[in-house]
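K.L.:
missing the sequence, but the structure's below:
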């Protein structure tokens, strides 16, 4: 009862905020380069990070020099941080946040984090090799104008309720703002028919978990700090991994030497010598690799990749149309 009432009050506040933006009563900052936002309606756990990497790859195929903009959830400190300058990684997980650092490793493009994503986008466009900014988790950050709004929709989104009764950050009606909706296989076109706009590009996205082949030959302990750890366990089982135990930490959890030693103790008590973890966790575990080696423990990293399985052409043409390519000189001193 209390959660339901709180959800109604939250929904009212969100509706007021969105109405102000829709009426032009709240300021919107336009960047000097096209902006592609990747987001969702749920709080956490719908695949924004792999979809952000996918958008970067598609834009690169179109000839762009993308830069990634993110808030950097779970990082220490405040202010703007350049995680990757286009050539080198300049920050660690503590100062960058786990997901921005993972994207820096995965994509090898400029990555900038700031609590205010508008500041990060303006910096990337002005000082880094950047012909288009890709905003990770940007759908609710309406202060930053965008040319493409990609929103991921899964069954949990359609069946969800508003915070705090559920995990929806906005009502389903907000999907009409999306210019591109990526639905998972458990969502049909009929499910979306009354929710999206007439010109919204709808495509199907699938997520593929790849496990190193040498991991499949052993019993393993699964280790994750993600929003929906049960999905990781299911994906590992589908990939053929033999998971004996799963240590599921809170989303964006930090690793300390004490925590790593506790994990190693849990591993030894289970008689195991192999850990399989997410790429998001792997970047946070880098400072402790020596601890794993000392205990003769092998750390395997499972990768989570987004693939468009229907209407990929529509998505690419949408990006091409909304993000016109203007050649930049990557040797220019301005970058």
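P.N.:
That came in fine, so what should we check first? Owing to the predicted nature of the structure, the values given are computational and were not obtained by experimental measurement.
K.L.:
and stretch 153-170, average pLDDT?
P.N.:
The average pLDDT within stretch 153-170 is 93.
K.L.:
buried residues in it?
P.N.:
153-154, 156-158, 160, 162-163, 165-170 (16 or more other CB atoms under 10 Å). Yep, even glycine has a C-beta here, placed from its N, CA and C like the rest.
K.L.:
same deal with stretch 215-222?
P.N.:
Neighbour-count burial for stretch 215-222 [16+ other CB under 10 Å]: 215, 220-222.
K.L.:
now stretch 39-52
P.N.:
In terms of neighbour count (16+ other CB under 10 Å), stretch 39-52 has its buried residues at 39-42, 45-52.
K.L.:
So for those residues, which is the shakiest by pLDDT?
P.N.:
Out of the buried residues of stretch 39-52, that is residue 45, at 76.
K.L.:
Tell me the spacing between that residue and residue 10.
P.N.:
19 Å (CB to CB, to the nearest Å).
K.L.:
ok, longest helix in this protein?
P.N.:
The residue-count maximum for a helix in the chain (DSSP state H) belongs to helix 2-22.
K.L.:
Who are the packing partners of that helix?
P.N.:
Using 3 or more CB pairs under 8 Å, 6 or more residues apart in numbering; DSSP states H and E, no helix or strand is in contact with helix 2-22.
K.L.:
Buried residues of it, list them for me.
P.N.:
Counting neighbours by 16+ other CB under 10 Å, one finds that the buried residues in helix 2-22 are 7, 10-11, 14, 18.
K.L.:
Name the SS class of the residue nearest to residue 45 when sequence neighbours are not counted, please.
P.N.:
Closest residue to residue 45 apart from its sequence neighbours, by CB to CB, 6 or more residues apart in numbering: residue 227 at 3.4 Å. Put simply, residue 227 is coil when judged by DSSP: H, G, I helix; E, B strand; the rest coil.
K.L.:
could you point out the longest strand in the chain?
P.N.:
strand 298-310 (DSSP state E).
K.L.:
got the buried residues for it?
P.N.:
Buried, per 16+ other CB under 10 Å, within strand 298-310: 299-302, 304-306, 308, 310.
K.L.:
a markdown table for these, including distance to residue 255?
P.N.:
Output for the buried residues of strand 298-310, formatted as a markdown table (distance: CB to CB, whole Å):
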| residue | distance to residue 255 |
| --- | --- |
| 299 | 12 |
| 300 | 16 |
| 301 | 14 |
| 302 | 17 |
| 304 | 19 |
| 305 | 24 |
| 306 | 26 |
| 308 | 33 |
| 310 | 38 |
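K.L.:
for these, which one is nearest residue 251?
P.N.:
Checking the buried residues of strand 298-310 against residue 251 with CB to CB, the nearest one is residue 304 at 14.5 Å.
K.L.:
quick one: contacts for the closest one?
P.N.:
Residue 304 sits next to 47, 49-50, 207-209, 235, 278-279 when contact means CB atoms under 8 Å, 6 or more residues apart in numbering.
K.L.:
Same check on residue 178?
P.N.:
139, 149-151, 196-197, 200.
K.L.:
try residue 133
P.N.:
31, 33-36, 66-69, 121, 124-125.
K.L.:
Okay, and which of the residues you listed map to helices?
P.N.:
121, 124-125.
K.L.:
ok, and the most crowded of the contacts of residue 178?
P.N.:
For the contacts of residue 178, the largest number of neighbours (other CB atoms under 10 Å) sits with residue 150, at 30 neighbours.
K.L.:
I'd guess that residue is in a strand, am I close?
P.N.:
Yes. Counting by three-state DSSP, residue 150 is located in a strand.
K.L.:
quick one: which helix or strand includes residue 95?
P.N.:
Residue 95 is part of helix 93-96, with elements assigned from DSSP states H and E.
K.L.:
After that helix, heading C-terminal, what element do we hit next?
P.N.:
Once helix 93-96 ends, the next helix or strand along the chain (criterion: DSSP H and E) is helix 98-107.
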